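>>> Provide a 3D model corresponding to the input given below.
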Amino acid sequence: MNTGSNSPGTVPIDALGVTKCFGDFVALEGLSLEVHSGQCVGLLGPNGAGKSTFIGCLYGAVERTGGRLRVFGLDPARAARSIKQRLGVVPQENALDEELTVLENMRLYARFENVRDPIRRIEELLAHMSLDHKRNAPIRSLSGGMKRRLTFVRALLSDPELLILDEPTTGLDPTVRHLLWEKVLSYRKAGKTVLLTTHYMHEAELLCDKIIILNRGAAVAMGSPKELIERETPGFVGIFEADQKDRVEAHLNSDWHCFNQARQYCVRARQIEHLITLQSTSGVRAIQMRPANLEDVYLKLTGEELGENE
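Numbering: from 1, shown residues only. Sure, this is the predicted structure:
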């Protein structure tokens with residue numbers, strides 16, 4: 001088991017101008033970021049934005065084209081094995097051996113990781129993830145949520161200093177998702193470091209100290225969830241039925257921002273009182289009025305928001 005730990009203020013991940021090209025295609029373009037000890041940092045962006053490419057660069061699975069990259073002060077191009085010993089990774093795919101039992105799977109991986117006292121560690125983590133009653137069950141008999149929790153157990157076997165979560169809760173029901181959020185928060189509370197990719201903006205807003213939004217291989221924004229919201233999409237959002245757009249538009253203030261989202265028409269204003277007045281003057285009742293959130297920021301910065309006045 002890894003007994004090392006990050007001291008406060010250290011930088012487990014330090015990237016400066018990291019670039020990765022696949023032929024003429026630029027997957028990463030001059031990405032610079034720092035992940036400090038004890039932080040949870042989120043990498044957000046559309047599919048193909050460069051998130052998985054960067055993760056591959058961190059432990060040497062992808063060879064970067066340019067820039068400087070250090071993980072625990074080591075260059076992944078030269079010290080991939082040493083870095084991997086200090087990482088735990090929850091990949092997008094579970095990749096468990098379906099023919100083995102839960103305990104057999106974890107004992108096999110514990111052997112790969114040279115975990116000390118593996119049975120005690122496995123039993124501890126199975127209990128932590130509410131899987132101890134399934135220790136002797138074959139993998140093929142587990143539900144999707146159980147397999148995902150077991151992938152977390154596997155990632156934590158060596159007590160890693162840095163936990164990389166690549167879309168960890170995709171496809172899970174809300175109960176399992178909330179359970180895994182609690183485990184990630186408890187892991188952080190223990191002083192560990194987390195790098196997260198996710199398409200769930202609420203997940204990122206809940207778990208992350210800092211967010212980096214990527215689009216087409218480049219960072220387009222960086223900051224805490226609160227900072228990003230206040231800087232990019234301050235205020236409140238009123239959501240109206242799309243077929244009421246013309247009635248609402250006739251009463252808009254020029255300072256407000258409006259956009260289409262799915263089959264709805266949205267208006268963002270600085271104060272919620274502005275939206276209440278809009279309801280009154282237009283005679284159209286909003287489906288919902290809410291504070292602006294990280295999803296609004298994401299849609300604006302990745303170009304997935306359909307602007308009406310841009």
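
>>> number of nearby residues for Gly38?
Gly38 has 20 neighbours, counted by other CB atoms under 10 Å. C-beta coordinates here come from the backbone N, C-alpha and C atoms, glycine included.

>>> same question, Asn293
16.

>>> show me where the stretch 51-200 of the chain has its strands.
For the stretch 51-200 of the chain, strands defined by DSSP state E, counting those that start in this stretch occupy the ranges 66-71, 87-90, 162-166, 193-197.

>>> looking at these, which is buried most?
Each of the strands of the stretch 51-200 of the chain was scored by mean neighbour count; the highest is strand 193-197, a mean of 24, by mean count of other CB atoms under 10 Å.

>>> Phe240 falls within a strand, correct?
Yes - Phe240: assigned to a strand according to DSSP: H, G, I helix; E, B strand; the rest coil.

>>> specify the local secondary structure of the nearest residue to it once chain neighbours are set aside.
Nearest non-adjacent residue to Phe240, counting by CB to CB, 6 or more residues apart in numbering: Tyr265, 4.7 Å away. What three-state DSSP gives for Tyr265 is strand.

>>> now do the same for Tyr265: its pLDDT.
At Tyr265, the pLDDT value in this model is 94.

>>> now do the longest helix seen in the chain: which elements does it pack against?
Secondary structure of the chain per DSSP state H: the longest helix is helix 174-189. If you count contacts as 3 or more CB pairs under 8 Å, 6 or more residues apart in numbering; DSSP states H and E, helix 174-189 packs onto helix 144-156, strand 162-166, strand 193-197, helix 201-207.

>>> so which of the strands of the stretch 51-200 of the chain is nearest His257?
strand 193-197 (27.7 Å; CB to CB).

>>> surely Pro168 and Thr198 touch.
Yes - checked against CB atoms under 8 Å, the pair Pro168 and Thr198 is within contact range at 7.2 Å.

>>> between the two, which one's more packed in?
Shown here are Pro168 and Thr198; by other CB under 10 Å, Pro168 has more neighbours (27 against 20).
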